[in-house]
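Engineer: I'd like to go over a predicted model; first the sequence, then the structure.
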Amino acid sequence: MLEVRGLNKVYEGHQRRVEAVRDLTFTIDAGDLVCLVGPSGCGKTTLLKCIAGLLAPTAGEVLLDGRPVTGPPRGMAVVFQEYGRSLFPWMSVRDNVALPLKQKRVAKARRRELVDEALAAVGLAGTESAYPWQLSGGMQQRVAIARAVAYEPEVLLMDEPFAAVDAQTRADLEDLVRALWKRLGVTILFVTHDIDEAVYLGQQVIMLSASPTVVQERLAIDLPAERDQLHTRADARFTHLRTHVYEQIQAAKRGTRTDAAVASVAE
Amino acid sequence: MLEVRGLNKVYEGHQRRVEAVRDLTFTIDAGDLVCLVGPSGCGKTTLLKCIAGLLAPTAGEVLLDGRPVTGPPRGMAVVFQEYGRSLFPWMSVRDNVALPLKQKRVAKARRRELVDEALAAVGLAGTESAYPWQLSGGMQQRVAIARAVAYEPEVLLMDEPFAAVDAQTRADLEDLVRALWKRLGVTILFVTHDIDEAVYLGQQVIMLSASPTVVQERLAIDLPAERDQLHTRADARFTHLRTHVYEQIQAAKRGTRTDAAVASVAE
Amino acid sequence: MAATALKRIGLVLGLPVILFAVWYVATDNSQSFYVPPLRTILSVFDDTWTGQRLRADVLPSALRLLAGYALATVLGVGLGVVIGSYRRVRAVAEPVLEFFRAIPPPVLVPVIMLFAGIGDGMKVIVIVSGCVWPILLNTVEGVRAVDGVLADTARSYRITGPARLRHLLLRSASPQIMAGMRQALSIAIILMVISEMFAASNGLGFTIVQFQRSFAIPEMWTGIILLGLLGFVLSALFRFAENRVLAWYHGLRSAQRKS
Amino acid sequence: MTAVPDAGAATAGRGPRRGERRSGPVRGETLLLGLAGLAALLILIEVLPRTGLVSARFLPPTSRIAAALADQARTAEFWRAIGDTLVGWGIGLAIAVVAGVVLGVLIGAVPLLRAATASTIEFLRPIPSVALIPLAVLLYANGLGSVLLLVVYASFWQVLIQVLYGVQDVDPVAEETARSYGLGAWARIRYVLWPAAMPYVFTGIRLAAAVALVLAVTAQLVIGAPGLGAKIAVAQTSNAVPLMYALIVVTGVLGVLINLAARVVERRFLAWHQSVRGEVAA
Amino acid sequence: SSPSSGGSTSSGGTTQVKVGVIPIVDVAPIYLGKNKGFFSSRGIDLSMETGQGGAAIVPGVVSGQFQFGFSNVTSLMIAQTKNVPIKVVANGVASTGKAGADFGGVAVKDDSPIKTAKDLAGKKVAVNTLKNIGDTTVRESVRKAGGDPSGIQFVEMPFPNMPAAVANGQVDAAWVVEPSLSEITGAGGRVVAWNYVDPAPDLTVAVYFTSTKLLADDPDLVKRFTEAMNESLAYADAHPDEVRAVLGEYTEIDPAVRAKLTLPKWPTEINRAALETLAGLGQQDGIFTGTPDLGKLLP
Ligand SMILES: Nc1ncnc2c1ncn2[C@@H]1O[C@H](COP(=O)(O)OP(=O)(O)OP(=O)(O)O)[C@@H](O)[C@H]1O
Ligand SMILES: Nc1ncnc2c1ncn2[C@@H]1O[C@H](COP(=O)(O)OP(=O)(O)OP(=O)(O)O)[C@@H](O)[C@H]1O
Ligand SMILES: [Mg+2]
Ligand SMILES: [Mg+2]
């Protein structure tokens, strides 16, 4: 459904030339929930922007349903890492969430419903009329999430969407994303730095290497589909998987690949 | 050394009136490393800004060395939650880190040394001449940290400073902060959402309640002073403490206080 | 590389060439005394703007223009920073400034003459009196709009006084200040002309007004074209400077967009 | 530890604090301070001729200007002149603002258009309205058309340039957000580009408002279209110095009022912007 | 009247006529004549449009926006050399011809070392427009007084600003007309040269003109305007008190000044000989590029 083929992205500046992504190839099936982890600065955001059609790759291509992505595709929602700047400061929280729906020509009543639901789901009921800059960092981030959730997208790209919220809220939001995924069959690509989160949420975890970036490993998470914060995280398999991912990330940062570990998981 | 007394902060807007902090009273001794946790939107950032002298409390006061704080005190460094916006976009990474030192009249050679060290410590050697907006989110956040570290402050306030970096980098930065603290005897107030991090880093953890915000509990972390990522986190006491903090945060979100748990830890 | 250069030249010259062509054709049979054929205008251009005249009229004008513009920039940015930084100063000064801003230069000039005489000083002051406004207003707004987080950062690191001015206020407001300076550039040219309508005996504006008065209409049009060219050249220089000063800003704004 | 708040920082720290009060008193105070500023100017003009620094023959003291103004205020002709000036100003400004904004957004949003028009804009901008007077008279004599031509020509550029700079000021993350949610060109202009450019546009409108007034009066002054300018011209040629200053004062006061109105509108529409919110509540 | 008359609309037998004038003393007759009905009796519905000088009036007349205009003769001669399609239709205003009692002259401060026109040589003198009637006539005055006019530095500024410029010493002398002349003399200033008197007796200073197009299209209207104008001029010349009164209508001159200022002469005849002299002076000073063809310009 979503195919990334030989993706390469080089940022050319005045004196700076950064090869953010060297060569990425992977596929995500429709309805998959894939988590993406990788060292800071390895090109996750870059990759997401290329998939979202916001950035033209230097080489390679992104295909969505077999068609190359040249601009933002219909039915896609993105939660940006720079959540604060992605909210429109001139609009109330409600309007921020409602605007994409309006664009999508959702009827007014339904729009209201969706907005209210989404805001309630992220724990922001009651802040509808506030401006984003009147909110705390975590609250702003949740507005951005609510906007994506209310949009009911077919493909959802999230770039470290829970970085600014507390542990409890984070757990709730994780469950929200899984619920949304199950209910609507959304295809989700989820960037996170929290390894537990990646394993808890994903059906698949893609690990990126440090720069020059390639896919370090792709790991299927063979935990049961029904997950909950208490039991899933206490599961031995969970611990095993998270340890593996952790080791891979460490290896990625060192620039090596611990093939032994892969074998031990893939066995 | 740092005293917060009956602090109350109300934001008055056009139609909105938010009591961000109801009544906070606590003391931090010189050379303490205190972690602050609390639900998203409970007023941690507000508290930090009041301590930094950037925001006037509605009631109550902040005392530093017995004197009331009315403006940013000398020798204090702050890492803001909105790291991206706290970097000067017109300056290179190097200049961003060097500017406060210049202001502090650190000699040129020493300045260069400090800047290079700090950037290397956060893993950003080689990006000195880039502009902040040419960096990834996590890299930007690390520039902000490097700036604070290079400043060699006496009091260091950090607002979720590791939110945007990967697990491995985060662990490294945690150790960096502890090393800095030990080396310079800095007083550190560290806001985090990561409970493990709070317990791992702090000598004390202050838990805030949900809004209207008061101190829910203050917990001394009785782990050995020498900590390391592998062993400390595997320690049973560590697990015990983190579970306790987690329960308190959950309770805070529900608006209750699990006094039983407090007793069990404080015993 | 050559292709892009060619494209740029095409973009710069394309529209003007088309417009001049339209002008040429549209006025070719013009009988109107005041709208002579472009052909006629162009044919007198060389004789009108001889080296002698460029030296005697255009050069003094240009010098006054630059002096006035420089002074207005310093004044506008300086006052703007102060007014933008302090709400009370702004409250006191704004009505007074708005008062003067609304007075037309032709009315203001005699008043200025009362204080500044009729020499070059007066003309420079007239230029300043008109082109300081866009710089001032934009600086005020730019300084008021400094990002709150950035301002907090500067304060917490005790970046105050001149360092704050240099590293925070001016840089942060510079996109808006540049907008003001660009506005001011063409206004300075306009006021150069107006100032030379009073007590002048040389200058580009003076010459144009003389042409107008003595019914040398094609020559007057050449003067207008020359003003346009002057504006174009100055703005090209300005753009060059702006691209250096705002390199970070253009990079920041277009980093994601273009690539 | 010597982490001590020092006095300098303490005073600096009070800056934003002041602004934290409710906006009501702030606005009242602003008004009072503004009036104080104007009063100081009036006193200066009263004192200057009295100290003999300039002759009262050429710069009459405030009291005499006020007397001349009071005389004028009793005539219907005076109010008609103000009306005429405001009509020329208002229509001209409206045309300039609409044209400036529409073209500015269009040119600013389409990079190719921007590149292709830049040189032409820079060529046309410095052409003074006064040089266009014969052309204006040729077309419209001393009617409203002449005034409008000069007013629109001069103030259009002010809006256009500000809009061009404003459009470029959109936060790329906000822009990308809009694009990723499939906002069309029009929606992006309306919901993202326009609000982001608004601070620049407001400055442009305030600049243009004054320039329009200046040009309306100048046009009347030079080509005798009815209005304050024509009255100033008569007062000038008649050597009626106090009257001339009275009329100039009226022009200036119009400028102050226009700016006041612009500020009120701005506070409403830019309540979200740092420049306004920074002032009302920290 | 003819409906084809250039730009003017006729209604009920009267033709609407716009005249571009400068709101100064010189044009009092046309206001007076309008009040007296000299124009309406000839089927002319007259309205005055004030402009600040040739730049505003001549294009208006040429384009037919105004039917007639008022201008000084040197400006019109310049226009003629440039083939501007205009024609003089009536006299405008003339010097009184009396040194010591004319409506314009070169004035200095009371304590100025300049005593006579001869002393103006090498000095800084303000005129309202350069290369026009002011500087040519001032030069002639200096020449006649035995001075050398070549070193005079003329500075351009509007008449109303001259009193201040003279008082502040920004210029050594200023060629001014009423009422600014009264302003200077009232403050103790002296007149050192009568430049409208010196070049020729009873110098015609300004005239009314129209476009050649209107003259061709509607000669009848022009004829009626000339008649009415002449009647107005004669009436004004004979009734100075009424002139002083009408000044109160279209100017803001202080009543005290109005009562005392020196009025010009308003003969109906254009003084051709004087204009030829003026043309000669203009040519001598290089104001014209060619020779003005007075035959073409004057009726
Ligand atoms: N606009 C830009 N100009 C130049 N280089 C850039 C730009 N944006 C990103 N880069 C570079 O590309 C690389 C990858 O950046 P990217 O933002 O994709 O990383 P990331 O994986 O999202 O990191 P993080 O987890 O820290 O957010 C980095 O080295 C960064 O410096
Ligand atoms: N400028 C402001 N205007 C109005 N209300 C504000 C403002 N800043 C913060 N608040 C409100 O104050 C409360 C506390 O905000 P604060 O930013 O201190 O929370 P926080 O604890 O830092 O949260 P987070 O962990 O999400 O960053 C929130 O309810 C927020 O809406
Ligand atoms: Mg990123
Ligand atoms: Mg916060």
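Structural biologist: Thanks, I have the structure now. Ligands and ions are numbered 1, 2, ... in the order given.

Engineer: pLDDT below threshold where in chain A?
Structural biologist: A:255-267 (pLDDT under 70).

Engineer: Could I get the full set of helices for chain A?
Structural biologist: Counting by DSSP state H, chain A has helices at residues A:44-51, A:83-86, A:93-103, A:108-121, A:137-150, A:167-184, A:195-201, A:229-234, A:236-254, A:259-266.

Engineer: Need the CA coordinates for stretch A:12-19. CSV is fine.
Structural biologist: What follows is stretch A:12-19, C-alpha atoms only, in CSV (Å, rounded to 0.1, in the frame of the first residue of the first chain):
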residue,chain,number,x,y,z
GLU,A,12,22.0,21.2,0.2
GLY,A,13,22.8,24.4,2.0
HIS,A,14,25.4,27.1,1.5
GLN,A,15,28.4,25.4,2.9
ARG,A,16,26.5,22.4,4.4
ARG,A,17,25.5,19.3,2.5
VAL,A,18,23.8,16.7,4.6
GLU,A,19,22.8,13.3,3.4
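
Engineer: Next, the buried residues of that stretch.
Structural biologist: residue A:18 (16 or more other C-beta atoms under 10 Å in any protein chain shown). Just so you know, the C-beta spots here come from the backbone N, C-alpha and C atoms, and that holds for glycine as well.

Engineer: Report the distance from that stretch to the chain centre.
Structural biologist: Relative to the mean C-alpha coordinate of its chain, stretch A:12-19 is positioned 27 Å out (C-alpha atoms, centre = their mean, to the nearest Å).

Engineer: how about that stretch, does it get close to chain B?
Structural biologist: Yes - legend: contact between stretch A:12-19 and chain B by C-beta under 8 Å from any C-beta of the partner chain is shown at A:13, A:15-16, A:18.

Engineer: What are the contacting residues of that stretch?
Structural biologist: A:8-11, A:211-212, B:129-130, B:134, C:247, C:251, C:259 (C-beta atoms under 8 Å, 6 or more residues apart in numbering or on different chains).

Engineer: ok, it near ligand 1 or not?
Structural biologist: Yes - contact of stretch A:12-19 with ligand 1 (C-beta under 6 Å from any ligand atom) involves A:13, A:18.

Engineer: Spell out which parts of chain A neighbour ligand 4.
Structural biologist: A:136-137 (C-beta under 5 Å from the ion).

Engineer: okay, the helix or strand harbouring residue C:206 in PDB with CA atoms only?
Structural biologist: Using DSSP states H and E, the element containing residue C:206 is helix C:204-213. The C-alpha trace of helix C:204-213 is given here as PDB (Å, rounded to 0.1, in the frame of the first residue of the first chain):
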ATOM      1  CA  LEU C 204      16.900  65.400 -10.700                       C
ATOM      2  CA  GLY C 205      13.600  66.500  -9.200                       C
ATOM      3  CA  PHE C 206      14.300  70.100  -9.900                       C
ATOM      4  CA  THR C 207      15.100  69.300 -13.500                       C
ATOM      5  CA  ILE C 208      11.900  67.300 -13.900                       C
ATOM      6  CA  VAL C 209       9.800  70.000 -12.400                       C
ATOM      7  CA  GLN C 210      11.500  72.600 -14.700                       C
ATOM      8  CA  PHE C 211      10.800  70.400 -17.700                       C
ATOM      9  CA  GLN C 212       7.200  70.200 -16.600                       C
ATOM     10  CA  ARG C 213       6.900  73.900 -16.100                       C
END
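
Engineer: tell me which residues of that helix are tucked away?
Structural biologist: By neighbour count on 16+ other C-beta under 10 Å, the buried set for helix C:204-213 is C:204-213.

Engineer: State the number of residues packed around residue E:255.
Structural biologist: 10 (other C-beta atoms under 10 Å in any protein chain shown).

Engineer: Hmm, it is touching residue E:248, no?
Structural biologist: Yes - the pair residue E:255 and residue E:248 qualifies as a contact (C-beta atoms under 8 Å) at a distance of 6.9 Å.

Engineer: What average pLDDT does stretch E:202-221 get?
Structural biologist: The average pLDDT within stretch E:202-221 is 88.

Engineer: does any bit of it sit next to chain C?
Structural biologist: No - legend: contact between stretch E:202-221 and chain C by C-beta under 8 Å from any C-beta is lacking; minimum distance shown is 9.7 Å.

Engineer: where does that stretch sit relative to the chain's centre, distance-wise?
Structural biologist: Centroid separation between stretch E:202-221 and its chain, computed with C-alpha atoms, centre = their mean, is 15 Å.

Engineer: Compute the first-to-last residue distance for it.
Structural biologist: 29 Å (C-alpha to C-alpha, to the nearest Å).

Engineer: Let me have the buried residues of helix C:204-213 in JSON lines, adding pLDDT and distance to chain E as columns.
Structural biologist: Formatted as JSON lines, the buried residues of helix C:204-213 follow (pLDDT from 0 to 100; distance: C-beta to the nearest C-beta, whole Å):
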{"residue": "C:204", "pLDDT": "86", "distance to chain E": "15"}
{"residue": "C:205", "pLDDT": "83", "distance to chain E": "12"}
{"residue": "C:206", "pLDDT": "85", "distance to chain E": "8"}
{"residue": "C:207", "pLDDT": "86", "distance to chain E": "11"}
{"residue": "C:208", "pLDDT": "84", "distance to chain E": "11"}
{"residue": "C:209", "pLDDT": "81", "distance to chain E": "8"}
{"residue": "C:210", "pLDDT": "82", "distance to chain E": "7"}
{"residue": "C:211", "pLDDT": "84", "distance to chain E": "10"}
{"residue": "C:212", "pLDDT": "80", "distance to chain E": "6"}
{"residue": "C:213", "pLDDT": "79", "distance to chain E": "6"}
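
Engineer: from these, which is closest to residue A:67?
Structural biologist: residue C:204 (60.0 Å; C-beta to C-beta).

Engineer: related to what we said a few turns ago, C-terminal to the helix holding residue C:206, what's the next element?
Structural biologist: Where DSSP H and E defines the elements, the next helix or strand beyond helix C:204-213 is helix C:217-245.

Engineer: so residue A:216 sits right up against residue A:244, yeah?
Structural biologist: No - checked against C-beta under 8 Å, the pair residue A:216 and residue A:244 is beyond contact range at 11.7 Å.

Engineer: So stretch C:18-28, near chain E or not?
Structural biologist: No - applying C-beta under 8 Å from any C-beta, one finds stretch C:18-28 separated from chain E by no less than 15.5 Å.

Engineer: can you list contacts of that stretch?
Structural biologist: Stretch C:18-28 has contacts (C-beta under 8 Å, 6+ apart) with C:35-39, D:120.

Engineer: Need these in JSON lines (columns: distance to chain A, pLDDT and secondary structure).
Structural biologist: JSON lines is the format used below for the contacts of stretch C:18-28 (distance: C-beta to the nearest C-beta, whole Å; pLDDT from 0 to 100; DSSP: H, G, I helix; E, B strand; the rest coil):
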{"residue": "C:35", "distance to chain A": "47", "pLDDT": "82", "secondary structure": "coil"}
{"residue": "C:36", "distance to chain A": "49", "pLDDT": "84", "secondary structure": "coil"}
{"residue": "C:37", "distance to chain A": "49", "pLDDT": "86", "secondary structure": "coil"}
{"residue": "C:38", "distance to chain A": "43", "pLDDT": "85", "secondary structure": "helix"}
{"residue": "C:39", "distance to chain A": "47", "pLDDT": "86", "secondary structure": "helix"}
{"residue": "D:120", "distance to chain A": "29", "pLDDT": "88", "secondary structure": "helix"}
